[in-house]
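> sequence and predicted structure below; questions after.
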Amino acid sequence: MKAWVLARREWRSAFETPVAYVFLALFPAAAALFFFVLGGFFAQRSASLRGFFAVLPSLLIFAAPTVTMRLWSEERRGGTEELLRTYPFRVRDLVLGKFLAAFGLLAAALSLTAGVPLTVAWLGEPDPGPIWGGYLASLLLGAACVAIGLFFSACTRNQIVAWILGVMALVFFNGIHAAATATAVPTWLGRLLLELDFGTHFRSIVWGVVDLRDVLFYVAATVWFLCLNGLVLEQRRWP
Amino acid sequence: MSSDPGGPAAGAPVVASVVAVEGLEKAYGPVRAVCGVSFHVPAGEVVGFLGRNGAGKTTVLRILTGYLGADAGSVRVCGFDVEAEPLAVKERVGYLPENNPLYPEQRVGDFLHFAARARGLRGPARHAAVDRAVLATGLESVYRRPIGECSKGYRQRVGLAQALLHDPPLLILDEPTSGLDPMQASGIRELIRSLGRTKTVILTSHVLPEVEALAQRVLILHRGRMVADAPLAELRQAQVRHAVRVCARVPAEALEELLRAAGVRELVRRASAFGDGVAALEGQVQAGPEALERIGGEALARGIALLELAPQRASLEALFQRLVGEDAA
């Protein structure tokens, strides 16, 4: 598939510079630091990963735009977008290729956090269900975060701006329900925002049974933002 | 005339023109960059696309390659409509964009393999294509070097190499020699000349002698409109006045008098290759042999022996200046 051609180039390119290595080292380190040290794991004297999966969404909010911020903005700034767009790629191949590259890197970083549950398993006997559920939820949330970050990277030629917009959007989607309950909104609106809140579905997958509706929510959010990304690219042919 | 543009052209319509542009329009907001441009390029022709900066050349090329969408008009490349079948067009075009954008962190070989994959080349065919392009552009010595560490000349060759990988019937080169030193530029020119033997080429350049040396036909764009579209030879003949250069071992004033009597206008004194004591003048005459005969006859009548009586070829530069030089923006 053509999307893999682009994803492959992005991967190779990421590993030609220190960026990928730094990211793959920092993300698991930050996850472990937040959980073991700042989260007070040892004080709670129980082999539970509740705190770990409570902190991962916050990390993803910052990590996903970090991975995606340069993907489109740099193509535009360096002019290489013209090269990509005159090669025989479909727009969906381009968007999917960029997404796969960024999601692959994020998934690799997530898999490197396995040291945390392994450590906990060595110290005690955590319930394996929420661990698998937690990683599934993190991957799904990560995919949606990457799609949103990628969309904002396509909107600007400045990667710092792309990062800031991405983080702001993700903070919004992860906190709309909390923000809404703090202000007095009508019940129906509160319920709608609860459904749209990224955190609601995340907690539901980690702490309940895996409901297809929660999975579909993230898939739909991912597809939606990838489609918007494609529209932005199409639109740019008529500046 | 029909032609098979080659490549994976199974099912491609039989076409007379590799490029057929009709009534092209493109505006950037309130600025009309291209207004009603039409032209055809037959297979195998090398076309020079000229115009001042901002005339709309790059915009037209970007529409041809599918990078930008036109507001109105149609573009067909090898018989395929660029809006209806963009992939079929992109498969048949090799494009060197203006300023030659490349990925600086990527190695030359890695980049060419990526470009070949993007072109749908696989396995041995991909390796063969990259080897061929590397050989044709002389990139062997920098194959493993990151592109950002290559000299400008080598980067330009990388840009050309990626455009050649899939052996496209049409090459579109936007300022292929800009920013190169004379040696590098002449190397690239040689390459384009050899490519032009088998391919249709559209190139832009600010170096007019370069276009004269490479192209069989020129298109001149001025403020988004096509102001000339003709074979070079025809354009030269269309020039009503020609320049003439005359030398003789007489005082400059005497030579000036002679030339005025022969009807030569706009006389300019030039340095003579024969050294002191020899006057050299250039002036404008009507095209055709009569003007030169008059000068010769006048010299004979005055007993002046001419050392040089040479018609100057009408240069593309003179024509270009006449067409787009006035009302300088």
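Happy to help now that I have it.
> can I get stretch A:17-33 in PDB? Just the C-alpha atoms.
In PDB, the C-alpha atoms belonging to stretch A:17-33 read as follows (Å, rounded to 0.1, in the frame of the first residue of the first chain):
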ATOM      1  CA  THR A  17      17.900  12.600  13.700                       C
ATOM      2  CA  PRO A  18      18.000  12.200  17.600                       C
ATOM      3  CA  VAL A  19      14.300  13.200  17.800                       C
ATOM      4  CA  ALA A  20      13.000   9.600  17.800                       C
ATOM      5  CA  TYR A  21      15.500   8.300  20.300                       C
ATOM      6  CA  VAL A  22      14.900  11.200  22.700                       C
ATOM      7  CA  PHE A  23      11.200  10.700  22.500                       C
ATOM      8  CA  LEU A  24      11.500   6.900  23.000                       C
ATOM      9  CA  ALA A  25      13.600   7.500  26.000                       C
ATOM     10  CA  LEU A  26      11.700  10.300  27.600                       C
ATOM     11  CA  PHE A  27       8.200   9.000  27.300                       C
ATOM     12  CA  PRO A  28       8.600   5.800  29.300                       C
ATOM     13  CA  ALA A  29      10.900   7.600  31.800                       C
ATOM     14  CA  ALA A  30       8.200  10.300  32.300                       C
ATOM     15  CA  ALA A  31       5.500   7.600  32.700                       C
ATOM     16  CA  ALA A  32       7.600   5.800  35.400                       C
ATOM     17  CA  LEU A  33       8.600   9.000  37.100                       C
END
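> what about that stretch, average pLDDT?
Stretch A:17-33 comes out with an average pLDDT of 91.
> which residues touch the residue in the stretch 101-250 of chain B that chain A sits nearest to?
Taking Cβ to the nearest Cβ as the measure, the stretch 101-250 of chain B has B:P101 as its residue closest to chain A, at 3.2 Å. Backbone N, C-alpha and C define where each C-beta goes, glycine included. By Cβ atoms under 8 Å, 6 or more residues apart in numbering or on different chains, the contact set of B:P101 is A:78-83.
> out of those, who has the most neighbours?
Ranked by neighbour count (other Cβ atoms under 10 Å in any protein chain shown), the contacts of B:P101 have A:L83 at the top, with 24 neighbours.
> I'd say that residue and B:L96 touch.
No. A:L83 is not in contact with B:L96 according to Cβ atoms under 8 Å; the separation is 9.5 Å.
> next one: phi and psi at the residue nearest to the residue of the stretch 101-250 of chain B closest to chain A when sequence neighbours are not counted?
Distance criterion Cβ to Cβ, 6 or more residues apart in numbering or on different chains; nearest residue to B:P101, sequence neighbours excluded, is A:G79 at 3.2 Å. A:G79 adopts backbone torsions of phi 80, psi 0, taken as degrees, to the nearest 10.
> please apply the same query to B:L170.
According to degrees, to the nearest 10, B:L170 has phi -120, psi 130.
> distance check, it against B:V46.
Distance, B:L170 to B:V46, by Cβ to Cβ, to the nearest Å: 11 Å.
> neighbour-wise, which of the two wins?
Neighbours per residue, other Cβ under 10 Å: of B:L170 and B:V46, the larger number sits with B:L170, 24 against 21.
> could you list the low-pLDDT ranges of chain A?
Applying pLDDT under 70 to chain A flags residues A:45, A:47.
> B:R76 in helix, strand or coil?
strand (DSSP: H, G, I helix; E, B strand; the rest coil).
> got a list of what it touches?
B:15, B:17, B:19-21, B:82.
> returning to that earlier point: find residues that contact each of B:L170 and B:V46.
Residues touching both B:L170 and B:V46 (Cβ under 8 Å, 6+ apart) are B:200-201.
> now the strands: where do they sit in chain A?
All residues of chain A lie outside strands when identified by DSSP state E.
> would you mind listing what in it touches chain B?
Residues of chain A lying close to chain B (Cβ under 8 Å from any Cβ of the partner chain) are A:2, A:5-6, A:8-9, A:12-13, A:16-17, A:78-90, A:237-239.
> narrow the residues you listed to those in helices?
Those of the residues of chain A next to chain B mapping onto helices are A:2, A:5-6, A:8-9, A:12-13, A:16, A:78, A:80-86, per DSSP state H.
> pLDDT below threshold where in chain B?
Across chain B (using pLDDT under 70), the flagged ranges come out as B:1-15, B:236-241, B:287, B:313-314, B:325-329.
> care to break it down by domain?
With domains defined by the TED database, chain B comprises B:17-236, B:242-313.
> most centrally placed residue in chain A?
A:G142 (2.7 Å; Cα atoms, centre = their mean).
> ok, and the closest non-adjacent residue to that one?
A:L106 (4.8 Å).
> separation between that neighbour and chain B?
Here A:L106 is placed at a distance of 20 Å from chain B (Cβ to the nearest Cβ, to the nearest Å).
> off-centre distance for stretch B:38-57?
Distance, stretch centre to chain centre, for stretch B:38-57: 8 Å (Cα atoms, centre = their mean, to the nearest Å).
> do it and chain A meet?
No. Counting by Cβ under 8 Å from any Cβ, chain A has no neighbours in stretch B:38-57; the shortest distance is 14.1 Å.
> just the C-alpha atoms of that stretch, please, in PDB.
Provided in PDB are the C-alpha atoms of stretch B:38-57 (Å, rounded to 0.1, in the frame of the first residue of the first chain):
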ATOM      1  CA  SER B  38      -3.500  28.100 -23.800                       C
ATOM      2  CA  PHE B  39      -0.700  26.100 -25.400                       C
ATOM      3  CA  HIS B  40       0.200  22.700 -26.800                       C
ATOM      4  CA  VAL B  41       3.500  20.800 -26.600                       C
ATOM      5  CA  PRO B  42       4.000  18.000 -29.100                       C
ATOM      6  CA  ALA B  43       5.900  14.900 -28.200                       C
ATOM      7  CA  GLY B  44       9.700  15.100 -28.200                       C
ATOM      8  CA  GLU B  45       9.800  18.900 -28.200                       C
ATOM      9  CA  VAL B  46      12.000  20.900 -25.800                       C
ATOM     10  CA  VAL B  47      10.100  24.100 -24.800                       C
ATOM     11  CA  GLY B  48      11.500  27.100 -23.000                       C
ATOM     12  CA  PHE B  49       9.000  28.800 -20.800                       C
ATOM     13  CA  LEU B  50      10.000  32.400 -20.200                       C
ATOM     14  CA  GLY B  51       8.800  35.400 -18.300                       C
ATOM     15  CA  ARG B  52       9.800  37.800 -15.600                       C
ATOM     16  CA  ASN B  53       9.600  36.900 -11.900                       C
ATOM     17  CA  GLY B  54       5.900  36.800 -11.000                       C
ATOM     18  CA  ALA B  55       4.700  36.400 -14.600                       C
ATOM     19  CA  GLY B  56       2.900  33.100 -13.700                       C
ATOM     20  CA  LYS B  57       5.400  30.500 -15.000                       C
END
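> burial count for residue 211?
Picking chain A for this. For A:D211, using other Cβ under 10 Å, the count is 12.
> nope, chain B
Residues near B:V211, counting by other Cβ under 10 Å: 23.
> can I get the contacts of B:R76 in JSON lines with neighbour count, secondary structure and distance to A:W122?
Formatted as JSON lines, these follow (neighbours: other Cβ atoms under 10 Å in any protein chain shown; DSSP: H, G, I helix; E, B strand; the rest coil; distance: Cβ to Cβ, whole Å):
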{"residue": "B:V15", "neighbour count": "21", "secondary structure": "strand", "distance to A:W122": "71"}
{"residue": "B:S17", "neighbour count": "19", "secondary structure": "strand", "distance to A:W122": "73"}
{"residue": "B:V19", "neighbour count": "23", "secondary structure": "strand", "distance to A:W122": "68"}
{"residue": "B:A20", "neighbour count": "19", "secondary structure": "strand", "distance to A:W122": "71"}
{"residue": "B:V21", "neighbour count": "24", "secondary structure": "strand", "distance to A:W122": "70"}
{"residue": "B:V82", "neighbour count": "23", "secondary structure": "coil", "distance to A:W122": "62"}
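> nearest to chain A among the residues you listed?
B:V82 (10.8 Å).
> isn't that closest one up against B:G66?
Yes. Judged on Cβ under 8 Å, B:V82 makes contact with B:G66 at a distance of 5.2 Å.
> can you list residues touching both of these two?
Common neighbours of B:V82 and B:G66 (Cβ under 8 Å, 6+ apart) are B:V89.
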